[in-house]
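Enquirer: What follows is a predicted structure for the sequence shown.
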Amino acid sequence: MIQVGQNYQQSNRCDQELFTVLALDAKGLPNRQLTPENAAALLADAAQGVNAKLAAMDASWTQH
């Protein structure tokens, strides 16, 4: 049972690494070259997208 848990953890680490590389590459940051400035820009973009979705939801609620 312990071996199964360890295998699962290792698999999750590999998956996380893969998704990190894919996500950074999609944002134009190859080879995991994430600087603090890049991280701040990515977070700002994500926050802007979330704020836009929340505003749209709010507008939808006020129309009903």
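Expert: Arrived safely, thanks for sending.
Enquirer: all contacts plus neighbour counts: C-alpha atoms, from now on.
Expert: Fine.
Enquirer: What is the neighbour count of residue 33?
Expert: A count of nearby residues for residue 33, using other C-alpha atoms under 10 Å, gives 12.
Enquirer: ok, now how distant is it from residue 61?
Expert: Relative to residue 61, residue 33 is positioned 41 Å away (C-alpha to C-alpha, to the nearest Å).
Enquirer: Repeat that for residue 26.
Expert: Distance of residue 26 to residue 61, computed by C-alpha to C-alpha: 33 Å.
Enquirer: again with residue 13
Expert: 40 Å.
Enquirer: neighbour count winner among those two?
Expert: Taking other C-alpha under 10 Å, residue 13 and residue 61 do not tie; residue 13 has more neighbours (12 against 9).
Enquirer: centroid residue for the chain?
Expert: What sits nearest the mean C-alpha location of the chain, by C-alpha atoms, centre = their mean, is residue 23, with 7.1 Å.
Enquirer: now the longest helix belonging to the chain: how far from the chain's centre is it?
Expert: The helix that spans the most residues within the chain, counting by DSSP state H, is helix 36-63. Taking C-alpha atoms, centre = their mean, to the nearest Å, the mean C-alpha location of helix 36-63 is offset from the chain mean by 14 Å.
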